[in-house]
Every structure is written in C-alpha cells, then in structure tokens.
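Q: sequence and predicted model, in that order:
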Amino acid sequence: MLALPLHDLPTRSASGFLIRYVVPRTGPPQLVGPLDRKALFSTLAVGDVIIGVGHGDPARFSGYRDQVLIDLSSIPDVQGKVVVLISCQTARQLGPALINAGADSYIGFLEDLVWVMDADSAATPWSDKFAAPAMMPIVDCVNTILDGKVAADAFVVLTTELLGNAAVEEDELIASCLRFNARNASLLGNPMARVKARPKVAFPLPPPPLFPYLA
Amino acid sequence: MSKEFEELKEALRKPATPEAMREAAQRFREYERVDAALGQRSRPTLVSLGLGKAYPTAVDFRDIPRELETNPAFFEQMRKIVGGD
C-alpha cells in the first residue's frame, strides 16, 4: 500500500518523487492526495509492504490534511509486512510498536526528516533539484525493497546515498540536512525481511498529472 | 566550509537566549546572501514532515532569520540540524 498525501509543500515534495519513481512499480491500493484518509487506510490490509509519506511525531503518522492514519492505539494489520514511513520521529515509538504488532521490518526516522525544496517546483515536484539529493535516496531505498532485496540492503542504500550526496553538495545547509537525515535514519525489526520483487519499470515514464497545489 | 556558514554553526551552538537567536538570525542572513549569489535559485524552502510542531513545516529561506529570531523551537531545530553537524 502507498499513502501519498499532497496537501502542503513537504508532502507534495516527498510524495511527488514517489509518484514519479515508485508508483509505476506498485499495484493498488495507492492512496494519493485526498484518497489518503483514515477510512480507506484502515480497511485496506492487502499487500506485503506499506510505504507512507506524511507528517508524523513519535507516536503518530498522518495522511491527507494531517488526519492520523496510525497511532499507538490504532495499529493496522502489519503482520509480516515491511513498513517504510517517510515522516518525522516515528522511529521513536511508532516504529517499535509496528514491530511489536508483527511488522517484519520498519524503516523511518528518529528526528525530523528535513530537506530544502524549491517551492516554485510544487507543480512538478519530481523535477526539484534542491529536493532531489534528499528524496532520491529515499526513492532508491524503496525501490531496493521493491526489487526484492532485504531491508538491510535498502537501509544501506538510504544512508549511503544521503551521505554521498552530502559529500558533493555545494549548498552547506542542504548538506547539513542530508547528514542529519542519515544520522537519524532507523531500521527496526528483521534486517533480512524482504517482499515479493516487483517488475522494474524503464524510466522515464511520462510524468503523471497531479492535483493542483493551492498554497 | 564558507566563513558565513561556519559562523552560523557557531551561533547555533549557543543556548537559545534572545541574544543568541538574534545573532543566529543575522548569521543566516549573511550566509543566505552569499549562498544566493552563488547560483540561480527560485524559492528555496526548508521543509520537514513534523506533526504538531511549534515551528512551521515549510519556511521560505527569506523567512528563516525571522523564525530564528522569534521562535525558540525553530532555533533548537536548526541547532540540531546545523549546530550538531
């Protein structure tokens, strides 16, 4: 399952990269934009992976317009699944709770997930050159999981690419953000967890239409 | 590392007093002025995926000095990102 809200600049930036580079490899359910809501999320338990973008805190992960999708008192069916939460601080409490509820593996962040984006690229977030050094490592991490490789390999891809991009980044604030995210990335549960491999897609596909961004 | 960014880092390592917050805001203005002069940039914005934070999850670079100067929670967040780097 993919949960990809698009209601503000950070969700639009992160979801935009996944819509461009991950969604074509996955089947439904794909909760994009206004569809990313609790009523749908809670009833859909199919699949072996949950990939979610959304605002979060140690105990909550949210969807469209910040409605809470997962919290410590309402964990969905995650039995045997690999969960990737592209969100803030969920590795502190929610990640361990997901593992306790039966998730095979979890990748997320202990602190805020921070990056620099170009607000003028909100209509085509995947073309944002400021955000790419932070978002492409996340895309590559998720695609490593969808390649059928183990969670530990995906986590190494995430942290190695973040640090590699920081090493060559000319903008010092962007580089600091990349190192901060790498320091706070977290893998919990079974590092050998893997999901069914999905077919690779020959990129680039035509960019998808997005809901308009109304600042 | 540029002199301006090194000075910003130093300012962000101080406790969040009004004086330190003012200094960090000034250091960021200087860093941003030099950084913007290095290349063409349209509207760089610092974003995060925090929920219920005491600071905005999207801050235009032009507004970062104001947030640093007036919002202790944002100062602390920048201290973690830049000062702790």
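A: It's in. Residues are numbered from 1 along each chain as shown, chains lettered A, B, ... in the order given.
Q: what residue lies at the spatial centre of chain A?
A: residue A:86 (3.3 Å; Cα atoms, centre = their mean).
Q: nearest spatial neighbour of that residue, skipping sequence neighbours?
A: Counting by Cβ to Cβ, 6 or more residues apart in numbering or on different chains, residue A:86 lies nearest to residue A:53, which is 4.6 Å off, once chain neighbours are set aside. C-beta coordinates here come from the backbone N, C-alpha and C atoms, glycine included.
Q: pLDDT weak spots in chain B?
A: B:35, B:37-41 (pLDDT under 70).
Q: next, count neighbours for residue 26.
A: Reading this off chain A. 18 (other Cβ atoms under 10 Å in any protein chain shown).
Q: hmm, I had chain B in mind actually
A: 16.
Q: enumerate the residues of chain A near chain B.
A: Within chain A, the positions lying close to chain B (Cβ under 8 Å from any Cβ of the partner chain) are A:8-11, A:13-14, A:53-57, A:60, A:62, A:66, A:86-89, A:111-121, A:130, A:170-173, A:176-177, A:179-180.
Q: if any of those residues are buried, put those into a PyMOL selection.
A: Those of the residues of chain A next to chain B that count as buried under 16 or more other Cβ atoms under 10 Å in any protein chain shown are selected in PyMOL with:
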select buried, chain A and resi 8+9+10+11+13+14+53+54+55+56+57+60+62+66+86+87+88+89+111+112+113+114+115+116+117+118+119+121+130+171+172+173+176+177+179+180
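Q: give me the subset of the residues of chain A next to chain B lying in strands.
A: If you go by DSSP state E, these have A:53, A:56-57, A:60, A:62, A:86, A:114-118 in strands.
Q: in a markdown table: the residues you listed, plus pLDDT.
A: Shown next, in a markdown table, are these (pLDDT from 0 to 100):
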| residue | pLDDT |
| --- | --- |
| A:53 | 95 |
| A:56 | 97 |
| A:57 | 97 |
| A:60 | 97 |
| A:62 | 95 |
| A:86 | 97 |
| A:114 | 98 |
| A:115 | 98 |
| A:116 | 96 |
| A:117 | 96 |
| A:118 | 94 |
